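Participant: Okay, here's the prediction I keep looking at, along with the sequence it came from:
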Amino acid sequence: MGAEHGGTDPLMAAITGEPLSPEDRADAAFTAEHRAAAADVAVLR
């Protein structure tokens with residue numbers, strides 16, 4: 001997985017359901033990684 005962005009890890013945000021900051025949402029790569037992580041978490045649940 002990619003690096004943290006502004007202190008937020010995309011995988012941990014997906015696991016915890018933590019909302020993304022506007023800075024995180026503005027970063028297309030970060031958002032794509034978060035979306036993929038959220039899909040993986042959904043499958044595991």
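Facilitator: Structure's in. What do you need?

Participant: who's in contact with residue 31?
Facilitator: Applying Cβ atoms under 8 Å, 6 or more residues apart in numbering, we find residue 31 in contact with 20, 24-25. Any C-beta I mention is one placed from the backbone N, CA and C, and that applies to glycine too.

Participant: Buried ones among those?
Facilitator: Among those, those scoring as buried are 20, 24 (criterion: 16 or more other Cβ atoms under 10 Å).

Participant: Turn the contacts of residue 31 into a markdown table, including secondary structure, distance to residue 7 and pLDDT.
Facilitator: Below are the contacts of residue 31 laid out as a markdown table (DSSP: H, G, I helix; E, B strand; the rest coil; distance: Cβ to Cβ, whole Å; pLDDT from 0 to 100):
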| residue | secondary structure | distance to residue 7 | pLDDT |
| --- | --- | --- | --- |
| 20 | coil | 12 | 92 |
| 24 | helix | 10 | 92 |
| 25 | helix | 15 | 92 |
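
Participant: and the helix or strand hosting residue 29, which residues are buried?
Facilitator: Assigned by DSSP states H and E, residue 29 belongs to helix 28-44. Under the neighbour-count criterion of 16+ other Cβ under 10 Å, helix 28-44 has 30, 33-34, 37-38 buried.
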